[in-house]
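Asks: Got a sequence here, can you model it:
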Amino acid sequence: MKAMKIVLVLIALLLMAGGIYVFAFLVPGVDADMNKVTPHDPYTISAEAKAIHPTLDIADLHADTLLWRRNPEKRHDRGQVDLPRLEEGGVDFQVFSAVTKSPRGLNFDENSADAPDDIAMLAKAQLWPLRTWDSIYERAAFQARRLHKLAEKDENKLVIAKTKSDMDQPSDILVGLLLTEGAHPLEGKIENIARLYAEGYRAMGLQHFFDNELGGSMHGQSQAGLTEFGKEAVREMERQGIIIDVAHSSVASVRDTLAITERPLFISHGGTISHCPKTANRNLPDEVLKEIVARGGIIGIGYFEGVICDITPKGVAAAIIHAVDLLGEDAVALGSDFDGTVETAFDTSELAALTSELLAQGMNEPTLRKVMGENARQFFKINLPD
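Replies: Next comes the predicted model:
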């Protein structure tokens, strides 16, 4: 009996040590490794940028911060976004995306929906509620509730936008908006659109890195368009006032969506192939971007190598300026993909470096104000439900 007690104590100690290792070292280490900021000296900010940047209404159309076991209320030395750094960078409007499934071996060329799911493993490693371990829908619901808990605290100065009027807040209030990265949280059920709407989601991607029940992904195996379920889902999203993100959808899926909905679409994080030809397996063709823009849509320019050729502030600025030249000054916004397992050259606290580079490369102040935030703010003020 005494020997058995000793064995049980040893097992308990091993489990405790394992838990400490996972939560204190392994999970933070994975976060830090997958959401890197390239080491750099402090960026030089021009006097003009220092004067203008604090007056900008800054918006970012994509960050995956809710995925990570990191308290967004505190400033961290890993990852790319938290509330203190958003304030330091002058961000007024942030779209928070919920990543709910990611195939093992993820790449831009071709992924199988049947590959092992790394988000399921991450949910377990981070001790998310048991209901999230085998339910894609519950992972989306859990991440939404994380943001709602932050907004419940007055000191966080955060409002979650659900209606047009929610976009109008005092300058010291951060407006957040919930987006699903892909519509696989529907789990093949149209009624889950209403459930996600009730959780606070007002924007939904159709696909992520794999084909799903709605249709083909740009990075899937089929390159197909929308399925019948996908067409039904798009119509229901339109009926409920949910804004559609086609950042990872196949060209055929985007064309099908344009054919059956009259509402504007957006691309939360992307770029242009004409600026960076090597991104043809990640960005939509220019002619498709022009169709989206002609319908009142906007494109958020990402800060990572998969969508632009150069991730430095100079390179991001060049990508933005090219997009403005191609699509017009009213159609371009910021779409960082911060905390989306991408390496960037700056975090959200350092956005003044981007302002400085845009000005240095000849962008005028009215256009700067639009792409840094006014376009995104206006898009959602128009397209959110009343």
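Asks: Contacts only, for the closest residue to residue 157 other than its chain neighbours.
Replies: Leaving aside its chain neighbours, residue 157 sits nearest to residue 173 (5.2 Å; criterion: CB to CB, 6 or more residues apart in numbering). All C-beta atoms are positioned from the backbone trio N, CA, C, and that covers glycine. Residue 173 is in contact with 92, 157, 158, 159, counting by CB atoms under 8 Å, 6 or more residues apart in numbering.
Asks: Please list all residues in contact with the most centrally placed residue in the chain.
Replies: In the chain, the C-alpha nearest the mean C-alpha coordinate belongs to residue 62, at 2.9 Å (CA atoms, centre = their mean). Contacts for residue 62 (CB under 8 Å, 6+ apart) come out as 95, 97, 179, 247, 268-269, 300, 302, 335-338, 340.
Asks: doesn't residue 206 make contact with residue 227?
Replies: No - counting by CB atoms under 8 Å, residue 206 is not a contact partner of residue 227; they are 10.7 Å apart.
Asks: Can you point out the buried residues in stretch 376-386?
Replies: Using 16 or more other CB atoms under 10 Å as the test for burial, stretch 376-386 gives 376, 377, 378, 379, 380, 383, 384.
Asks: do stretch 144-151 as well
Replies: 144, 146, 147, 150.
Asks: where's it relative to the chain centroid, distance-wise?
Replies: 16 Å (CA atoms, centre = their mean, to the nearest Å).
Asks: Please state the mean pLDDT value computed over it.
Replies: Model confidence over stretch 144-151 averages 98 on the pLDDT scale.
Asks: likewise stretch 310-330?
Replies: pLDDT averaged over stretch 310-330 gives 98.
Asks: do the same with stretch 340-355
Replies: 98.
Asks: oh, and call the first residue 540 from now on, that's how I've got it
Replies: Sure, I'll start numbering at 540, so the last one becomes stretch 879-894.
Asks: Measure how far that stretch is from the centre of its chain, please.
Replies: Taking CA atoms, centre = their mean, one finds the center of stretch 879-894 at 14 Å from the center of the full chain.
Asks: okay, how far is it across that stretch, tip to tip?
Replies: 22 Å (CA to CA, to the nearest Å).
Asks: Likewise for stretch 685-695?
Replies: End-to-end distance of stretch 685-695 (CA to CA): 13 Å.
Asks: Other residues contacting it?
Replies: So stretch 685-695 is contacted by 605, 611, 612, 622, 635, 697, 698, 699, 713, 715, 717, 739 (CB under 8 Å, 6+ apart).
Asks: May I ask which helix or strand encompasses the fifth one?
Replies: So that's residue 635. strand 630-637 (DSSP states H and E).
Asks: Summarise which helices and strands that strand is packed against.
Replies: With contacts taken as 3 or more CB pairs under 8 Å, 6 or more residues apart in numbering; DSSP states H and E, strand 630-637 sits against strand 597-602, helix 675-690, strand 713-719, strand 740-744, helix 914-922.
Asks: between the ones you listed, which one is nearest to residue 799?
Replies: Ranking the helices and strands packed on strand 630-637 by proximity to residue 799 (CB to CB) places strand 740-744 first, at 15.2 Å.
Asks: okay, and for the protein, where does confidence drop off?
Replies: 540-565 (pLDDT under 70).
Asks: For the nearest residue to residue 838 once chain neighbours are set aside, grab phi and psi.
Replies: Setting aside the residues directly before and after it, residue 838 is nearest to residue 806 in space (CB to CB, 6+ apart), at 4.3 Å. Main-chain dihedrals, residue 806, degrees, to the nearest 10: phi -120, psi 110.
Asks: CA atoms of stretch 724-736 as PDB?
Replies: In PDB, the C-alpha atoms belonging to stretch 724-736 read as follows (Å, rounded to 0.1, in the frame of the first residue of the first chain):
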ATOM      1  CA  PRO A 724     -17.300  26.100 -38.200                       C
ATOM      2  CA  LEU A 725     -20.700  25.700 -39.800                       C
ATOM      3  CA  GLU A 726     -19.900  21.900 -39.800                       C
ATOM      4  CA  GLY A 727     -22.300  21.500 -42.800                       C
ATOM      5  CA  LYS A 728     -25.300  23.100 -40.900                       C
ATOM      6  CA  ILE A 729     -26.900  26.200 -42.200                       C
ATOM      7  CA  GLU A 730     -28.400  26.900 -38.800                       C
ATOM      8  CA  ASN A 731     -24.900  27.400 -37.400                       C
ATOM      9  CA  ILE A 732     -24.700  30.700 -39.300                       C
ATOM     10  CA  ALA A 733     -27.400  32.100 -36.900                       C
ATOM     11  CA  ARG A 734     -25.500  30.600 -34.000                       C
ATOM     12  CA  LEU A 735     -22.300  32.300 -34.900                       C
ATOM     13  CA  TYR A 736     -24.100  35.500 -35.500                       C
END
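Asks: Show me what it is in contact with.
Replies: 637, 639, 674-676, 678-680, 683, 719, 743, 752-753, 768, 771-772, 775-776, 779, 781.
Asks: repeat that for 7 Å
Replies: 639, 675-676, 679, 719, 752, 768, 771-772, 775-776, 779, 781 (CB atoms under 7 Å, 6 or more residues apart in numbering).
Asks: which parts of that stretch are buried?
Replies: 724, 725, 731, 732, 735, 736.
Asks: Stretch 694-703 too?
Replies: Buried residues in stretch 694-703 (16+ other CB under 10 Å): 695, 697, 698, 699, 700, 701.
Asks: Let's have the helices and strands packed on strand 630-637 in a markdown table, adding distance to residue 902.
Replies: A markdown table is the format used below for these (distance: least, CB to CB, whole Å):
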| stretch | distance to residue 902 |
| --- | --- |
| strand 597-602 | 15 |
| helix 675-690 | 32 |
| strand 713-719 | 24 |
| strand 740-744 | 27 |
| helix 914-922 | 13 |
